[in-house]
Structure formats: structure tokens, C-alpha cells
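Asker: just coords:
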């Protein structure tokens, strides 16, 4: 459903699901991962260093809890 909405609204799909990223790429839907979004926010000074590090820590904790594996290097 989110891919359909992103396509119809010419939007961006924000997801960390690798299969969803692959599928969206095949149908030309612009995608970005949550971690990349945080990186951009930090790069453009939309969030502070502390906010960035806290968000990455929370994100990795949520990801680890939901998926049961830790794939990001912090």
C-alpha cells in the first residue's frame, strides 16, 4: 500500500525493508532508508550531533528488537 501511495502521489517511500527497497526500485519509486534520512538531516544541520546519535541508537535498538539481528555499524 505504501508503494502504491508513493507512486500515485509522486512521493518518497521511507523504509528499512530491503525487499521493499528492491521492489520499489524496480517500479521507479524513489526510496530512502531511515538511516539515510537521518544522515541527510545531520548533514544539513537539521538535527544536532546529540539528536543524531540518540536517533541512531534508538533506531538500531528498534531494528534489533524487531528483526533479531544487528546489521548497522554504529
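Answerer: Sure, I can see it. Owing to the predicted nature of the structure, the values given are computational and were not obtained by experimental measurement.
Asker: For the helix or strand of the chain with the lowest mean pLDDT, buried residues please.
Answerer: Least confident helix or strand of the chain, by mean pLDDT, DSSP states H and E, is helix 2-8 with a mean of 71. Within helix 2-8, the residues that count as buried by 16 or more other CB atoms under 10 Å are residue 6. In short, each C-beta sits where N, CA and C put it, glycine included.
Asker: what's the answer for stretch 52-65, then?
Answerer: 52, 55, 56, 59, 60, 63.
Asker: Tell me which entries of those residues lie within helices.
Answerer: 52, 55, 56, 59, 60, 63 (DSSP state H).
Asker: quick one: which of these is nearest to residue 3?
Answerer: Checking those against residue 3 by CB to CB gives residue 63 as the nearest, at 20.4 Å.
Asker: returning to what we had before: distance from the least confident helix or strand of the chain to the middle of the chain?
Answerer: What separates the centre of helix 2-8 from the centre of its chain is 16 Å, taken as CA atoms, centre = their mean, to the nearest Å.
Asker: For it, give me every contacting residue.
Answerer: 11, 12, 13, 15, 20, 23, 24, 27, 29, 30, 31 (CB atoms under 8 Å, 6 or more residues apart in numbering).
Asker: Quick check on these: which are buried?
Answerer: By 16+ other CB under 10 Å, the contacts of helix 2-8 give 13, 15, 24, 29, 31 as buried.
Asker: Was I right to think the fourth one contacts residue 13?
Answerer: Yes. Because the distance of 5.5 Å satisfies CB atoms under 8 Å, residue 29 is recorded as touching residue 13.
Asker: Hmm, residue 56 is touching residue 36, no?
Answerer: No. Contact criterion CB under 8 Å: residue 56 and residue 36 do not qualify, at 11.6 Å.
Asker: ok, back up a step: so which of the buried residues of stretch 52-65 comes closest to residue 40?
Answerer: residue 52 (10.7 Å).
Asker: Return the residues in contact with the closest one.
Answerer: 38, 41, 42.
Asker: how about those in JSON lines, adding neighbour count and pLDDT?
Answerer: Formatted as JSON lines, the contacts of residue 52 follow (neighbours: other CB atoms under 10 Å; pLDDT from 0 to 100):
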{"residue": "38", "neighbour count": "18", "pLDDT": "91"}
{"residue": "41", "neighbour count": "15", "pLDDT": "93"}
{"residue": "42", "neighbour count": "17", "pLDDT": "94"}
